[in-house]
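Enquirer: Quick one, structure for this:
(one chain, ligands or ions: 1)
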Amino acid sequence: MSLSPVEQLKRLAAERAAALVKPGMKLGLGTGSTAAHFVDCVGEKVRDGLDVVCVPTSERTRLQAQGWNIKLSTLDETPELDLTVDGADEFDPALRLVKGGGGALLREKIVASSSKRMVVITDASKEVKLLGKFKLPVEADLFGLTATARKIEAAAKATGCAGPIVLRKTADGGRFLTDGGNAIFDCDFGVIPDADGLALALNAIPGVVEHGLFIGLATAVIIADAAGIRVLGDLSA
Ligand SMILES: O=C(CO)[C@H](O)[C@H](O)COP(=O)(O)O
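Expert: So this is what the prediction gives:
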């Protein structure tokens, strides 16, 4: 199957990450079109005899991994992982991420935080100096959504940003629900001048289940562009 140029870059980044996988490892499998290439790479290795056990971050990824006969586990059975590989919607030079474009941010964050290393794979289009080009996904409990949205607005204002907050919809206009049954607000705050402060402020809102700011989780970012592979951070950390 021939891949479009951008899919080729995603595949290249995924292959670099797959080179980190060693027999016996416990892996977290991310969600999204880039992470899907990594699942394919792991699947090919498993087909060739590699023995690993993997925890998927979404039902979508679980189904894809099952298609490859990848041995799957849960964080209840396997609470500590060696390596998680996932995509991102954007990343900054300090390896802070925005994630959740695919709606899997909660499980992605739980899995990444249960992992010794989180390696992000991406093409160069996701690189930013300051986070905020991508609308920040915030996962919220269905109870009291309007009240929660107001608190999110206040948290943004208190940390120097503002903008429309829209409840995510499905393609056919229904309410988008995560694998955990929650809603997602897509927050168009523009540049986020204080991502650390905003993350803390969002953490303090009771109706917020999780948000897409991943801070202090990624240990490396593998970036594929026309010139080849670039790495931010430490792949061995
Ligand atoms: O956070 C995510 C899903 O919740 C994805 O990693 C993110 O949306 C990037 O996806 P893609 O690789 O398709 O651009």
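Enquirer: alpha carbons only for contacts and neighbour counts from here, please
Expert: Noted.
Enquirer: residues near S2, how many?
Expert: When counting by other C-alpha atoms under 10 Å, one arrives at 6 neighbours for S2.
Enquirer: ditto for G49
Expert: For G49, using other C-alpha under 10 Å, the count is 10.
Enquirer: Those residues of this structure touching the ligand, which are they?
Expert: By the rule C-alpha under 6 Å from any ligand atom, the part of the chain lying against the ligand is 31-35, 86-89, 99-105.
Enquirer: Just checking the distance from the strand ranked longest in the chain to the centre of its chain.
Expert: For the chain, the strand with the greatest residue count under DSSP state E is strand 115-123. The chain centroid and the centroid of strand 115-123 are separated by 9 Å, computed with C-alpha atoms, centre = their mean, to the nearest Å.
Enquirer: any idea of the mean pLDDT for that strand?
Expert: For strand 115-123, mean pLDDT rounds to 98.
Enquirer: Inside helices: which ones of the residues of the chain next to the ligand?
Expert: With helices defined by DSSP state H, the entries of these inside them are 33-35, 105.
Enquirer: Can you give the contact residues for the strand or helix carrying Q66?
Expert: Assigned by DSSP states H and E, Q66 falls within helix 59-67. Helix 59-67 is contacted from outside by 29-31, 36, 39-40, 43, 56, 72, 179, using C-alpha atoms under 8 Å, 6 or more residues apart in numbering.
Enquirer: Give me the domain ranges for the chain.
Expert: 5-128+216-227, 136-209 (automatic domain parsing).
Enquirer: With distance to G233 added, can I get those domains in JSON lines?
Expert: Converted to JSON lines, the domains of the chain look like this (distance: least, C-alpha to C-alpha, whole Å):
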{"stretch": "domain 5-128+216-227", "distance to G233": "4"}
{"stretch": "domain 136-209", "distance to G233": "19"}
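Enquirer: Identify, out of those domains, the most deeply packed stretch.
Expert: Counting by mean count of other C-alpha atoms under 10 Å, domain 5-128+216-227 has the highest mean neighbour count of these, with a mean of 20.
Enquirer: got the end-to-end distance for it?
Expert: This stretch, domain 5-128+216-227, spans 13 Å end to end (C-alpha to C-alpha, to the nearest Å).
Enquirer: How about stretch 119-127?
Expert: 15 Å.
Enquirer: Residues touching that stretch, excluding its own?
Expert: 6, 9-10, 13-14, 17, 34-35, 83-92, 218-225, 235.
Enquirer: Among those residues, which ones are in strands?
Expert: Going by DSSP E, the strands hold 83-86, 90-91, 220-225 from the contacts of stretch 119-127.
Enquirer: which stretches of this structure form helices?
Expert: Counting by DSSP H, the helices of the chain are 5-18, 33-47, 59-67, 105-113, 145-158, 195-203.
Enquirer: and T78, what is it in contact with?
Expert: Per C-alpha under 8 Å, 6+ apart, neighbours of T78: K26.
Enquirer: I'd like to know how far the nearest residue to K10 once chain neighbours are set aside sits from G190.
Expert: Nearest residue to K10, sequence neighbours excluded (C-alpha to C-alpha, 6 or more residues apart in numbering): T34, at 5.4 Å. Between T34 and G190 the distance is 24 Å, computed by C-alpha to C-alpha.
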